[in-house]
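**Q** after the sequence you'll find the predicted model.
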Amino acid sequence: MIRPLYIEKFNFLCSLGCNKEAVWQKLISGIREGFIQKPFCESVCYVAALNENDPLPQIENKLFDSTVNRISKAILSPMKDSIERAISKYGKDRIAVLVGSCDNGSEASLNAVSYYKECGKFPDGYTLDRQRADSPARYVAELFGLSGITMNVSTACSSGGSAFASARNLIYSGFCDAAIVGGVDITSLPVVLGFASLEAVSPEPCNPFSKNRAGITLGNGGSFFLVTKELSENSLLRIRGIGESADADHLTHPKADGEGAKAAMQAALADAGLSPNDIDYLNLHGTGTRLNDSMESIAVNAVFPEGIPVSSTKALTGHTLGAAAALEIAFCALSLSQKQNENFLPVHLWDSEYDPELPKLKFVKKGEAVKRLQTCMSNSFAFGGCNVSVIIDKVNG
């Protein structure tokens, strides 16, 4: 039985900006913005940064004052009217908050330690409580005065997708009627140094699936959705299917044969009651690392042997970690929301140098459109073998 989540509203913020029409034009034109070289300790690497001309809003409550929560506020503020209508309809205790994020408040603690070294005391308002892993979810609940279930979901780079799965389970189990669900993350110092220690960071902007790929480019951003199981006049899109798998093959490496990724995609198709031929576009996880791109191309080729238009938007936004799944589902939503009969798709930005060791995929080129654009799939794969595939489609074809 299909258990859809109807999308009442969604919004996002990333290196490409927050204006949906402007971001859409950059996605289909392959325009990369915000990729800057930034020093981290003794290292310098590329980061997909947010636009400094769009300053983040301030947060008065010192307990929640962090870059992650400022990004959340910037994304959610334009959704205020829709969220307040949901509050009026369901009540503050019947709207859940589920936020996918890898951030644990280390930014605030590191700044506090630096302040302590200079001034001999911690800054006013700082407590270790600011480093609680559930800070992003607690802040969203506080922002709208919600008293329902509040959860931070942290399954590394699939966190945003896992948050949708948890939201759907809660809604259909009767624990809530609607949910604010998504993901948000930043390129904090521990994150950058951690990936650098794994030799996973590319010295140049990431180049997914190329034979010259050398690793990831980290990015800042997030995306949030307001979802419910009730169809309304505002419901133009829905989350139709979700598939999860856990291959647990290695602490950080994906399973090389792609079986974990394959299982997630097949589970999403079965959950949605669809066949591979029903999917019109696939947003790849596509990080640009040797192992991820290899296993994902093997898995995609196995699930879609007849081929499917694909692209990795991480070459345009960087890898936003716990926010990646939610952000890329938002890009699928943008694809499905464009004017009728246009059917353009996010371009795959790379050097076009195929890796002869990988199965060939149908990468979307600039200006490429498809005859039918009704249903999209988005892949997200994470450390520890946490794999999530999400299917989103139009309510009325």
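**A** Thanks, I have the structure now.

**Q** look up how far Ser210 lies from Asp351.
**A** Distance of Asp351 to Ser210, computed by C-beta to C-beta, to the nearest Å: 5 Å. Where C-beta positions appear, they are placed from N, C-alpha and C, glycine not excepted.

**Q** give me the more crowded residue out of these two.
**A** Between Asp351 and Ser210, counting by other C-beta atoms under 10 Å, Ser210 is the more crowded of the two (18 against 12).

**Q** wait, the more buried one sits on Leu358?
**A** No. With contact defined as C-beta atoms under 8 Å, Ser210 does not reach Leu358; the gap is 9.8 Å.

**Q** any low-confidence regions in the protein?
**A** By pLDDT under 70, the low-scoring segments of the chain are 104, 397.

**Q** tell me which stretches of it form helices.
**A** With helices called from DSSP state H, the chain shows them at 20-29, 67-76, 80-90, 106-119, 135-144, 159-172, 189-197, 259-272, 290-303, 314-317, 324-337.

**Q** could those go into TSV alongside mean neighbour count?
**A** Formatted as TSV, the helices of the chain follow (neighbours: other C-beta atoms under 10 Å):
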stretch	mean neighbour count
helix 20-29	17
helix 67-76	24
helix 80-90	15
helix 106-119	14
helix 135-144	23
helix 159-172	25
helix 189-197	16
helix 259-272	22
helix 290-303	22
helix 314-317	28
helix 324-337	27
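
**Q** including distance to Pro203, could those helices go into a markdown table?
**A** Shown next, in a markdown table, are the helices of the chain (distance: least, C-beta to C-beta, whole Å):
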| stretch | distance to Pro203 |
| --- | --- |
| helix 20-29 | 24 |
| helix 67-76 | 25 |
| helix 80-90 | 42 |
| helix 106-119 | 24 |
| helix 135-144 | 30 |
| helix 159-172 | 27 |
| helix 189-197 | 11 |
| helix 259-272 | 26 |
| helix 290-303 | 14 |
| helix 314-317 | 15 |
| helix 324-337 | 21 |
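
**Q** roughly how far apart are the nearest residue to Lys365 once chain neighbours are set aside and Leu237?
**A** Nearest in space to Lys365, with sequence neighbours left out and distances taken as C-beta to C-beta, 6 or more residues apart in numbering, is Val347 at 6.5 Å. Noted for Val347: a distance of 21 Å to Leu237, by C-beta to C-beta.

**Q** same thing with Leu334?
**A** From Leu334 to Leu237 the distance is 10 Å (C-beta to C-beta).

**Q** with Leu76 instead?
**A** Noted for Leu76: a distance of 18 Å to Leu237, by C-beta to C-beta.

**Q** for His348, same thing?
**A** For His348, the distance to Leu237 - C-beta to C-beta - is 23 Å.

**Q** who's in contact with Pro309?
**A** By C-beta atoms under 8 Å, 6 or more residues apart in numbering, the contact set of Pro309 is Asp280, Tyr281, Leu282, Leu345, Lys362, Val364, Glu368, Val370.

**Q** list just the nearest of these to Ser311.
**A** For these, the residue nearest Ser311 by C-beta to C-beta is Val364; the value is 4.3 Å.

**Q** of all the helices of the chain, which lies closest to Gly182?
**A** helix 324-337 (4.1 Å).

**Q** circling back: give the contact list for the residue nearest to Lys365.
**A** Contacts for Val347 (C-beta under 8 Å, 6+ apart) come out as Leu27, Ile28, Ser29, Gly30, Ser311, Val364, Lys365, Lys366, Glu368.

**Q** looks like the second one contacts Pro346 (just checking).
**A** It stands for Ile28. Yes. Using C-beta under 8 Å, Ile28 makes contact with Pro346 at a distance of 6.3 Å.

**Q** how many other residues sit next to Leu358?
**A** Neighbours of Leu358 (other C-beta under 10 Å): 17.

**Q** for Ala323, see how far away it is.
**A** Relative to Ala323, Leu358 is positioned 27 Å away (C-beta to C-beta).

**Q** tally up the residues packed near Pro123, please.
**A** Per other C-beta under 10 Å, the neighbour tally for Pro123 reads 13.
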